[in-house]
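Enquirer: pasting the sequence and the predicted model now:
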Amino acid sequence: MGKSLYEKVWEAHKVGTLADGRTQLFIGTHLIHEVTSPQAFGMLRDLGLTVKYPGRTFATIDHIVPTINQDAPADPLAAEMMQALRQNADDFGVTYFDLASGKQGIVHVVGPEQGITQPGTTIACGDSHTATHGAFGAIAFGIGTTQVRDVLATQTMAMEPLKVRRIEVNGRLRPGVYAKDVTLHIIRKLGAKGGIGFAYEYAGEVFDAMTMEERMTVCNMAIEGGARCGYVNPDHKTVEYLKGRPYVDMSDFEATAAKWLSFASDADAHYDDVVKIDAAEIEPTVTWGISPDHGIAVSESIPDPASATSPDEKATIEEALAYMKLPAGTPIKGVKIDVAFIGSCTNGRLSDFREAAKFLKGRKVAAGVQAIAVPGSQIVAIQCEQEGLDKIFEEAGFEWRGAGCSMCLAMNPDKLVGDQICASSSNRNFKGRQGSPTGRTILMSPVMVAAAAVSGSVADAREVFEIATAAA
Ligand SMILES: CC(C)[C@H](C(=O)O)[C@@H](O)C(=O)O
Ligand code: SF4
C-alpha cells in the first residue's frame, strides 16, 4: 500500500515517540509574528535557553501594524510589540522581515513569497491559519505560545498523529466561482468541527487546475473546517512558483524539484475518509451567521430556525440571527453593507487584487460604503502598484492601504464601528471579530466583495459584473 503526503512528511520528520504516545516531530521551518512570540521568547530567557536553529526561524510583523503610517502606531502597546519583536529577533539571531525590509507582510503571504515554504517540509507558526502553507505540499500547523517556545528551543514539538481525509472536487468550476467559494462550500458541507483530528488532502481536477494562490486560499481555511492542517499535493505548478525565489536553493534545482514531487501522495495511498464533491454544485458562497460553516449560495435565503432539523441547529440559527440582526427566511442578496474589505491571508494576494480590479475598473463604490483594499505584503503592494491596480481601486472609491492583517482581526486601527456589516474577503466571521463587539461580518470572495461594494449590499457578482456573459 502506498502512502499519502501526510504520512511521508510525518515519517520523514518523526524524531521519536514520547512516553505519552505522542510523536516528537522535527519542525523544518518556524514562522513567527509579534502576537504569539513575545511570551515564548520570554520563557526562553527565563530558562536561559537559546533558539536551537535560528536559521530555521523567520519573523514578520502583521497583526498590530497599522495600514496607515505603518511605522508609527498611535497605540503604545502596538509600538511596544513592534519593538519587542525587533529586540527578540536581534537577541536570538532570527531573520526578521520588518517594515524597512520591503518584505514585510502577513506571515502566510511572506513565507510562500520568499520561497521559505517548501514541499515535503513541516512548518509551524503560532497562528491558526498556518495551514495556508499546505498549498505547497507542506504539513503546516498552527500552534500555541508554549509550543512556539518548544519549537524555538528544540526545533521539535509533540503531536498526536492525524487521520487523513481526502476531499476530492472534480469537474469544472462555473464562471464567477472562485477558490474562496470552494473552501466556504466544503466547510458548509462538512461543518466547522467536521475536520477535528484530520489532515485534509485537497485533490481532484479543481485543485489540479488551481493556481498556487488559489490553493493557498483553500488551505488557509482548513482550520475553519476543524482540520489540523490541509494540503494539496505538489506538482509542476508548485515547482514553477518556487523556482528562483530568495530562499530556494537553486544549486541543483532539478534534484530539489524531484525531491519535492516525491512527497506527493501515492495513487494507492490509504485514506481514513474520502469525500467527493462535484464542482458544478458550487455557487458563489457567502456567510449569513457567526461561524465559517454558516454559508449559503448567494442565491439562497437566510436560514429559518423553524426549518431546523434538530433543537441544536435551531438554537444555533437563533443565536446567529440574533447577533447578525438578519431576518430569517429572506434572501441574503440585498442585505445592506457598510464596509467592504479586500485583504487578509486568505485573499490578499496579487491575483485577488487583479481579479477584483478587473471588475472595479470604471465602477464606483456605492455611497455610504467604506471600502478598503489591503495588500497581504509589501511585495504584493508593489506588484499591484506596478500594474496600476492601486489606481483602479482608488478611482473606484477604495482606500489603498499598507500591508498587514488590517480589518481581518482588527488588532490595529482598522475596525468596524457599532453594528456595521462588513463584506469581507477574510476567513472568520466570529462575533466581534472585526473590532466592534457588535460588528457583523459576511465572508465572501474578493470579487463578491467588489460586487457588494459597488451595489451597497450583498450581490451576485455574476449579475453585477455580467460574469457569465463575459465568459461565454
Ligand atoms: C493572533 C493570532 C494568534 C490569530 C490566530 O491564531 O489565528 C489570528 O491570526 C487570527 O486569525 O485569529
Ligand atoms: S490576516 Fe487574519 S487570519 Fe490571517 S493571520 Fe492575520 S488576523 Fe489571522
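Expert: Now that the structure is in, tell me what you want to look at. Ligands and ions are numbered 1, 2, ... in the order given.
Enquirer: buried sites along the longest strand anywhere in the chain?
Expert: Counting residues, the longest strand found in the chain (DSSP state E) is strand 163-170. Within strand 163-170, the residues that qualify as buried by neighbour count (16 or more other Cβ atoms under 10 Å) are 164, 165, 166, 167, 168, 169. Glycine gets a C-beta too; all of them are placed from N, C-alpha and C.
Enquirer: the bottom helix or strand of the chain by mean pLDDT?
Expert: For the chain, using mean pLDDT, DSSP states H and E, the weakest element among its helices and strands is helix 467-471, scoring a mean of 61.
Enquirer: which residues sit in contact with the residue of the stretch 151-300 of the chain found nearest ligand 2?
Expert: For the stretch 151-300 of the chain, the nearest residue to ligand 2 under the criterion Cβ to the nearest ligand atom is residue 220, separated by 7.5 Å. When contacts are counted by Cβ atoms under 8 Å, 6 or more residues apart in numbering, residue 220 touches 108, 129, 131, 132, 183, 345, 346, 427.
Enquirer: try residue 402
Expert: Applying Cβ under 8 Å, 6+ apart, one finds that residue 402 lies in contact with 65, 66, 67, 68, 70, 374, 375, 378, 381.
Enquirer: isn't the fifth one right up against residue 401?
Expert: Translated: residue 70. No - with contacts defined as Cβ atoms under 8 Å, residue 70 does not count as touching residue 401, sitting 9.1 Å away.
Enquirer: for these two, indicate the residue with more neighbours.
Expert: A side-by-side neighbour count of residue 70 and residue 401, using other Cβ atoms under 10 Å, places residue 401 first with 21 against 18.
Enquirer: with adjacent residues omitted, what lies nearest to the more buried one?
Expert: In this structure, residue 401 finds its nearest non-sequential neighbour in residue 67, 3.6 Å apart by Cβ to Cβ, 6 or more residues apart in numbering.
Enquirer: that neighbour: neighbour count?
Expert: Residue crowding around residue 67 was assessed by other Cβ under 10 Å; the count is 22.
Enquirer: which ones among the contacts of residue 402 are found in helices?
Expert: 378, 381 (DSSP state H).
Enquirer: among the contacts of residue 402, who's most crowded?
Expert: Each of the contacts of residue 402 was scored by neighbour count (other Cβ under 10 Å); the top score is that of residue 375, with 31 neighbours.
Enquirer: and it, what does it touch?
Expert: Under the criterion of Cβ under 8 Å, 6+ apart, the contact list for residue 375 reads 105, 343, 348, 353, 381, 384, 401, 402, 403.
Enquirer: can you redo those residues as JSON lines with secondary structure, distance to residue 23 and pLDDT?
Expert: Listed next are the contacts of residue 375 as JSON lines, based on DSSP: H, G, I helix; E, B strand; the rest coil; distance: Cβ to Cβ, whole Å; pLDDT from 0 to 100:
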{"residue": "105", "secondary structure": "strand", "distance to residue 23": "32", "pLDDT": "98"}
{"residue": "343", "secondary structure": "coil", "distance to residue 23": "36", "pLDDT": "98"}
{"residue": "348", "secondary structure": "coil", "distance to residue 23": "33", "pLDDT": "99"}
{"residue": "353", "secondary structure": "helix", "distance to residue 23": "40", "pLDDT": "99"}
{"residue": "381", "secondary structure": "helix", "distance to residue 23": "40", "pLDDT": "98"}
{"residue": "384", "secondary structure": "helix", "distance to residue 23": "42", "pLDDT": "98"}
{"residue": "401", "secondary structure": "coil", "distance to residue 23": "42", "pLDDT": "98"}
{"residue": "402", "secondary structure": "coil", "distance to residue 23": "40", "pLDDT": "98"}
{"residue": "403", "secondary structure": "coil", "distance to residue 23": "36", "pLDDT": "98"}
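Enquirer: which member of those residues is positioned nearest residue 48?
Expert: residue 105 (33.2 Å; Cβ to Cβ).
Enquirer: give me the contact list for the helix or strand encompassing residue 238.
Expert: For residue 238, the host element (DSSP states H and E) is helix 236-242. Applying Cβ under 8 Å, 6+ apart, the set of residues contacting helix 236-242 from outside is 112, 115, 118, 119, 136, 137, 211, 212, 248, 257, 260, 261.
Enquirer: mind running it again at 6 Å?
Expert: Contacting residues not belonging to helix 236-242 are listed as 115, 119, 136, 212, 248, 257 [Cβ atoms under 6 Å, 6 or more residues apart in numbering].
Enquirer: which ones among these are found in helices?
Expert: Among the contacts of helix 236-242, the members falling in helices (DSSP H) are 212, 257.
Enquirer: tell me which of the contacts of helix 236-242 is nearest to residue 422?
Expert: Of all those, residue 422 sits closest to residue 212, with 27.4 Å by Cβ to Cβ.
Enquirer: need the per-residue pLDDT for the closest one.
Expert: In the predicted model, residue 212 carries a pLDDT score of 99.
Enquirer: show me the contacts for it.
Expert: 237, 241.
Enquirer: how about the residues of the stretch 251-400 of the chain by ligand 2?
Expert: If contacts are counted using Cβ under 6 Å from any ligand atom, the residues of the stretch 251-400 of the chain sitting beside ligand 2 are 344, 345.
Enquirer: where exactly do the helices run in the stretch 251-400 of the chain?
Expert: Under the criterion DSSP state H, counting those that start in this stretch, the stretch 251-400 of the chain carries helices at the ranges 253-262, 311-324, 344-347, 350-360, 378-386, 389-396.
Enquirer: mean neighbour count, those: which tops it?
Expert: Each of the helices of the stretch 251-400 of the chain was given a mean neighbour count from mean count of other Cβ atoms under 10 Å, and the largest, a mean of 30, is that of helix 344-347.
Enquirer: pLDDT wise, what is residue 1 at?
Expert: Looking at residue 1, its pLDDT stands at 88.
Enquirer: ok, now which ones touch it?
Expert: Remark: with contacts taken as Cβ under 6 Å, 6+ apart, residue 1 is in contact with 268, 270.
Enquirer: please begin residue numbering at 11 from this point
Expert: From this message on, residue numbering opens at 11, which makes the last subject residue 11.
Enquirer: on that earlier part again, near ligand 2 too, which of the buried residues of strand 173-180?
Expert: Counting by Cβ under 6 Å from any ligand atom, no member of these reaches ligand 2.
Enquirer: would CSV of those residues with pLDDT be doable?
Expert: Putting the buried residues of strand 173-180 into CSV (pLDDT from 0 to 100) gives the following:
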residue, pLDDT
174, 98
175, 99
176, 98
177, 99
178, 98
179, 98
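Enquirer: dump those residues into JSON lines; add distance to ligand 1 as well.
Expert: Formatted as JSON lines, the buried residues of strand 173-180 follow (distance: Cβ to the nearest ligand atom, whole Å):
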{"residue": "174", "distance to ligand 1": "23"}
{"residue": "175", "distance to ligand 1": "22"}
{"residue": "176", "distance to ligand 1": "25"}
{"residue": "177", "distance to ligand 1": "22"}
{"residue": "178", "distance to ligand 1": "27"}
{"residue": "179", "distance to ligand 1": "25"}
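Enquirer: which pair of the residues you listed spans the longest distance?
Expert: 174 and 179 (16.3 Å).
Enquirer: what's the closest non-adjacent residue to whichever residue of the chain sits closest to ligand 1?
Expert: When Cβ to the nearest ligand atom is the measure, the chain has its nearest residue to ligand 1 at residue 138, with 3.4 Å between them. With sequence-adjacent residues excluded and distances taken as Cβ to Cβ, 6+ apart, residue 138 is closest to residue 152, at 4.0 Å.
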